[in-house]
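>>> Structure for this input, please:
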Amino acid sequence: LLPAANLYAQAPAYDARTGRLQSLTRAELQPLEGYLQTGPVALVEFADTDRDELPAIHVATIVHAPAAALMTIIQKPEAYPKFMRTLDQVDIADRKPDSVAYDWRWNMALLSLKGRNVMTWYAPPANRPDAGYRVTIDSQSGDLGTGRISIRVLPRGEHESMLVVSMRIDLRTANYVARRLALAARSINRTANMALTFAMSLGFRHEAERRAGYTAPARTADALHKPLLDERAILPLLVRGDLVLLNMSRNTLNQVAVFGLINEPQARVREVLARLYNGAAVPLGP
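You can find the predicted model right below:
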């Protein structure tokens, strides 16, 4: 038996570089159209822990800029540090007509993180421009671990597009500090992926809309409320994972709503929530 402290220092059985990233489709996003108008929508997928799998994070947001213009920004990682706070330096290692390899660096207060990514993009077929663009980013090495990022850019008319970013990065293959964080709880890896996916999505959106000259209209924040969703329509998403809705006024976050399926009777769920709300310990029983 290995000491607990060494468990995550070993190479994980699951390889995040080859795990399937199933992006959100137009059909899955259609029931959420009204909420996409007020902010990004995210899906935190379930994962088979018995197989040592890690969940994928998917974030979809409407971008008020043409799909081709958004792709122009995505294809030039050397410009990312200008609008993405999680990057301070990007150096191009190799560029080809449909791909680019680049080294990145992120300087934090006490740490300097670096790594290498390889990006490849695919244009839609000439007879199907509505299919949109597809981008894959392979994290080959670095201080945040290995994994994959998938980006879809779907046109929504001449002046608007849908951006969907999917990510699964494995901190257990990262540097010593990140591995120690991942050892604390599996949720650390999920939280880090969520933060990075939102940072990338909102960074692309903000820069594309800035270049397009779009300014979001001022909107008064609604009172705290439960979003009304068609439960049958979103069931396929809830089977895949937990659904997160962000309500925003321009760049200000107003409210976060989370929806998930729990395989327990309603009375049991209410009891647990009531105990948590009152600060009482909840027994881990059947």
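>>> count of neighbours near the closest residue in space to Arg219 that isn't next to it in sequence?
Excluding its sequence neighbours, the residue lying closest to Arg219 (CB to CB, 6 or more residues apart in numbering) is Ser249, at 4.7 Å. Yep, even glycine has a C-beta here, placed from its N, CA and C like the rest. Ser249 has 16 neighbours, counted by other CB atoms under 10 Å.
>>> For Ser249, name its beta-bridge partners.
On the basis of DSSP bridges, Ser249 is bridged to Thr252.
>>> List the contacts of it.
For Ser249, the contact set (CB atoms under 8 Å, 6 or more residues apart in numbering) comprises Ala218, Arg219, Thr220, Ala221.
>>> distance of it from Asp94?
Separation of Ser249 from Asp94 (CB to CB, to the nearest Å): 42 Å.
>>> Residue ranges in the stretch 1-150 of the chain under the pLDDT threshold?
Residue ranges of the stretch 1-150 of the chain with pLDDT under 70: 1-14, 17, 109-110.
>>> And the strands in it?
Assigned strands in the stretch 1-150 of the chain, in chain order: 41-45, 57-63, 89-96, 99-107, 112-122, 133-142, 146-155 (criterion: DSSP state E, counting those that start in this stretch).
>>> could you give the angle of the longest one to strand 99-107?
What it means is strand 112-122. Strand 112-122 and strand 99-107 are oriented at 160 degrees to each other (axes from the mean of the first three to the mean of the last three CA atoms, to 10 degrees).
>>> Does anything pack onto strand 112-122? Which helices or strands?
For strand 112-122, the elements it packs on are strand 99-107, strand 133-142, judged by 3 or more CB pairs under 8 Å, 6 or more residues apart in numbering; DSSP states H and E.
>>> if I pick the closest residue to Gly241 other than its chain neighbours, what's in contact with it?
Nearest non-adjacent residue to Gly241, counting by CB to CB, 6+ apart: Glu45, 3.9 Å away. Glu45 is in contact with Pro55, Ala56, Ile57, His58, Arg240, Gly241, counting by CB under 8 Å, 6+ apart.
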